[in-house]
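Asks: quick one, structure for this:
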Amino acid sequence: MSHFEGPISAFVLAGGKSSRMQQDKAMLRVRDRYLIEYSIGVMQKLTDNVRIIGDPAKYDFIGLPVIPDFVPPNGPLAGIYTGLKFSDSRHNLFLACDMPFMEYEFFTLLLKKIGEADAAVIRFNDGKVEPLASIYTRKGLPEIERNIASRQYKITDFLDRIQVAYVGEEALKEVGLSRRIFANINPPEDMLLLDGLDSQPPQ
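Replies: The predicted model follows:
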C-alpha cells in the first residue's frame, strides 16, 4: 500500500471494444487469472479505493465497484471522464486492463512528480506518451467536457490543453523499470508476450 498523503482513487479501464483481439481481452485467461486482475492487483498496492470502468454485467463478479461509461463509450477519454466524475479524490490513477506487466512503482513516480499539475504522464524518448497508465486530477474535467462536446476524443488533444507533469524514461531506469511495463495486449499474436508473465497477479 502506498504511503502517499491524501486520498487516492484508482480506476481500471475495461470499457474498450477489443476489436483487434476479437474478444473481450479483459476476460482473457492468463495462467489461472483474468487479464484484468493483473491491473487490479497493481492498483490495490496503491489504494483500497479501486473501481472498474466498464460493463457491470461483465465485471460485477470480481467484487469491485463497476461504473459504466457516463457518456457514450467513444474511447478511453470517456472512461477517464467517468472516473473523474465519480471521484472525490484529488489524485486519480488510471490503468488500462491490458497492461499485465505494469508495476506499482511506476505510479509512485507519477505521484511524486504531479505536484500541482492537472495530470502526470510518461513521455518516452521518442516523444510518445502513454495516457492509459497515468494520474489525472478533477481540475481537468472542464477540458474533458469541452473535448467531448466538440467530439475530440483523442486523449493527446486533451493533454495539450491542461498542465501535465511528464516523467521521462530516465526516471524509469532509476527505479529499475523499463518500457516493457507498458506493453499491452491487442491483436491475438500479442498473447505471445505473456509467456514471460508471472503466474500470479500482483498482490
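
Asks: looking at this protein, which helix or strand is least sure?
Replies: strand 29-30 (a mean of 72; mean pLDDT, DSSP states H and E).

Asks: Provide the strand pairings for that strand, with the direction of each partner.
Replies: Its sheet considered, strand 29-30 pairs with strand 33-34 (antiparallel) by DSSP bridges.

Asks: then the helix or strand just after the partner strand to CSV, C-alphas only?
Replies: Downstream of strand 33-34, the next assigned helix or strand under DSSP states H and E is helix 35-44. Provided in CSV are the C-alpha atoms of helix 35-44 (Å, rounded to 0.1, in the frame of the first residue of the first chain):
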residue,chain,number,x,y,z
LEU,A,35,-6.1,-10.4,-17.7
ILE,A,36,-7.9,-7.5,-15.9
GLU,A,37,-6.8,-8.9,-12.5
TYR,A,38,-3.2,-8.0,-13.1
SER,A,39,-4.1,-4.4,-13.5
ILE,A,40,-6.4,-4.6,-10.4
GLY,A,41,-3.5,-6.0,-8.4
VAL,A,42,-1.3,-3.1,-9.3
MET,A,43,-3.9,-0.6,-8.2
GLN,A,44,-4.6,-2.4,-4.9
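
Asks: what about the least confident helix or strand of the chain, distance to the chain center?
Replies: Centroid separation for strand 29-30 versus its chain: 19 Å, with CA atoms, centre = their mean, to the nearest Å.

Asks: try stretch 26-37
Replies: Relative to its chain's centre, stretch 26-37 lies at 16 Å (CA atoms, centre = their mean).

Asks: just the endpoints, please. Distance across that stretch?
Replies: Stretch 26-37 has an end-to-end distance of 8 Å (CA to CA, to the nearest Å).

Asks: all numbers from here: first residue = 31
Replies: Done: numbering now begins at 31, and the last item shifts to stretch 56-67.

Asks: how about that stretch: buried residues?
Replies: Using 16 or more other CB atoms under 10 Å as the test for burial, stretch 56-67 gives Ala56, Leu58, Val60, Arg63, Tyr64, Leu65, Ile66, Glu67. For the C-beta atoms, the positions are set from N, CA and C on the backbone; glycine is no exception.

Asks: just after the longest strand seen in the chain, pick out the following helix or strand.
Replies: What stands out as the longest strand in the chain, according to DSSP state E, is strand 159-166. The helix or strand immediately downstream of strand 159-166 is helix 171-179, counting by DSSP H and E.

Asks: who does that following helix touch, helix- and strand-wise?
Replies: Under the contact definition 3 or more CB pairs under 8 Å, 6 or more residues apart in numbering; DSSP states H and E, helix 171-179 sits against helix 106-116, helix 185-189.

Asks: what mean pLDDT does the last one have?
Replies: Predicted confidence along helix 185-189 averages 94 (mean pLDDT).

Asks: how many other residues sit next to Glu135?
Replies: Residues lying near Glu135 (other CB atoms under 10 Å) number 15.

Asks: where does it land in three-state SS?
Replies: Under DSSP: H, G, I helix; E, B strand; the rest coil, Glu135 falls in the helix class.

Asks: nothing else from me, thank you.
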